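**Student:** Here is my input; please provide its structure:
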Amino acid sequence: MKSQKLKRILAGKITSNKMEKTVTVLVERKIKHPLYEKFIMKSKKYHAHDTSDSLAIGDMVLIEECRPLSKTKNWKVVKQINKAL
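**Tutor:** A predicted model of the protein is given here:
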């Protein structure tokens, strides 16, 4: 019996929804600088698959790693956390 690989789940804010069934999600995280020990904000953008195509810019969402859906799209939107104001 094969063990199922755990999929990464990240939380981020939608920065673009101009593509069909695709959103761009900005994920920010805090890391501690190894030498100066100051906390730094690092950010990265991911393309995520949105089947409903109803999310707006500024919404907070959870994205989950999945199989490659296109050249740049390896994530899918799991659920919406907060709506944009």
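**Student:** Could you check how many residues crowd around R8?
**Tutor:** 9 (other CB atoms under 10 Å). In this view, the C-beta of every residue, glycine as well, is placed from N, C-alpha and C.
**Student:** close enough to count as contact, it and E65?
**Tutor:** Yes. Shown here, R8 and E65 form a contact pair, counting by CB atoms under 8 Å, at 4.6 Å.
**Student:** Tell me which stretches of the chain form strands.
**Tutor:** When secondary structure is read from DSSP state E, the chain shows strands at 9-16, 22-32, 39-49, 60-65, 73-82.
**Student:** okay, the ones you listed in CSV with mean neighbour count and mean pLDDT next?
**Tutor:** Shown next, in CSV, are the strands of the chain (neighbours: other CB atoms under 10 Å; pLDDT from 0 to 100):
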stretch, mean neighbour count, mean pLDDT
strand 9-16, 16, 97
strand 22-32, 15, 97
strand 39-49, 14, 97
strand 60-65, 18, 97
strand 73-82, 16, 96
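**Student:** who does G12 bridge with?
**Tutor:** Beta-bridge pairing of G12 under DSSP bridges involves V61.
**Student:** That one and K32: what is the separation?
**Tutor:** Per CB to CB, to the nearest Å, G12 is found 21 Å from K32.
**Student:** D59 too?
**Tutor:** 29 Å.
**Student:** Next: V61.
**Tutor:** 26 Å.
**Student:** same question, A11
**Tutor:** From A11 across to K32, the span is 20 Å (CB to CB).
**Student:** And for S16?
**Tutor:** From S16 across to K32, the span is 30 Å (CB to CB).
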